[in-house]
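> Next comes the sequence, and after it the predicted model I'd like to discuss.
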Amino acid sequence: MIFLPKKKKRSLKSDALTTFGLDPDRLPVHVAIIMDGNGRWAKKRFMNRINGHEKGSKTVRTVVSAARELGIAYLTLYAFSTENWARPKAEVLALMQLLKKFLVSERQDLQEKGICLQVLGQMEKLPEEVRNQALETIHATRNNHEMTLNLALSYGSRQEITDAVRAMTKKITAGELTAEDICEKTVAAHLYTGNMPDPDLIIRTSGEFRLSNFLLWQSAYAEIFVTHTLWPDFTRDEFIEILTSFQKRDRRFGRVECSMPSDG
Ligand code: IPE
Ligand code: IPE
Ligand code: MG
């Protein structure tokens, strides 16, 4: 049997959310963001793509802070895909350096804000020094409950599903699971997001209308919002606007009325 955690408490008072025009009862529990457009941001300014990534990492800070302030329980940021390893070596190296810097520089802030860091993806593929900093931050923040920040690093949804199939097959071979036992909840529990609710809202910046191998299983009923804003230009105000727009969507989950699926 799989036990899903209870929904986390909102950390911002209802009246404060109302000042942003947000309904505290209709906030997404889990927001996932495909942070795209760093390269184009730099190109527009005749700068190196790496300058775009540097500026983009500042936006990460802003959005993490805003999500925490608004009481979003889970924030997942797509920072590096399995396919991104095929980029030029210098760009991959710069991204890894930025990542390491972020993991060190934000550790204390995450602690102070009560944010728990988790990594979704192939941690073993990350350079050792990045992996060690990630493990240290994960360890340091493991008891924080105000918000969970998932960094999707060396993440690919197809790889994640393949890993889940392999793990379930091993359990069947070991006699710990039978084929008949496998249901949707079993599959979901073997994904990197095993103990988390599915994203309610997926935001993609830079105007691309695709998922690029991101949370394919988990996004089954996510609301998708694409903005043309390039990630380095994305702001807290736009984040709030998107949340406002999310609250106006009619989530039917295949039914005929506006209703939420029951837990059963
Ligand atoms: C997103 O920005 C960052 C990563 C994928 C690591 P891009 O680097 O993809 O920027 P564009 O799409 O080239 O503008
Ligand atoms: C998706 O962006 C991956 C991340 C944001 C980390 P990409 O820029 O890699 O995606 P494509 O190549 O445009 O699909
Ligand atoms: Mg891109």
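The structure has been received and is ready for your questions. Ligands and ions are numbered 1, 2, ... in the order given.
> how about the residues of the chain that lie near ligand 1?
35, 36, 37, 38, 39, 40, 80, 84, 95, 206 (C-beta under 6 Å from any ligand atom). In short, each C-beta sits where N, CA and C put it, glycine included.
> Please convert the residues you listed to TSV, extending it with secondary structure, neighbour count and pLDDT.
Putting those into TSV (DSSP: H, G, I helix; E, B strand; the rest coil; neighbours: other C-beta atoms under 10 Å; pLDDT from 0 to 100) gives the following:
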residue	secondary structure	neighbour count	pLDDT
35	coil	24	98
36	coil	20	98
37	coil	25	98
38	helix	24	98
39	helix	21	98
40	helix	16	98
80	strand	23	98
84	helix	17	98
95	helix	22	98
206	coil	21	98
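> Closest to residue 135 out of those?
residue 80 (16.6 Å; C-beta to C-beta).
> longest single helix anywhere in the protein?
When every helix of the chain is counted residue by residue (DSSP state H), the longest turns out to be helix 49-70.
> Return the residues in contact with the residue in the stretch 151-264 of the chain that ligand 2 sits nearest to.
Closest residue of the stretch 151-264 of the chain to ligand 2, C-beta to the nearest ligand atom: residue 212 (3.6 Å). Counting by C-beta atoms under 8 Å, 6 or more residues apart in numbering, residue 212 makes contact with 34, 36, 78, 81, 83.
> circling back: near ligand 2, from the residues of the chain next to ligand 1?
35, 36, 80, 84.
> ok, those residues vs residue 243, which is closest?
residue 35 (16.7 Å).
> What pLDDT is listed against the nearest residue to that closest one once chain neighbours are set aside?
Leaving out its chain neighbours, the residue that sits closest to residue 35 by C-beta to C-beta, 6 or more residues apart in numbering is residue 231, at 4.5 Å. Here, the pLDDT recorded for residue 231 equals 99.
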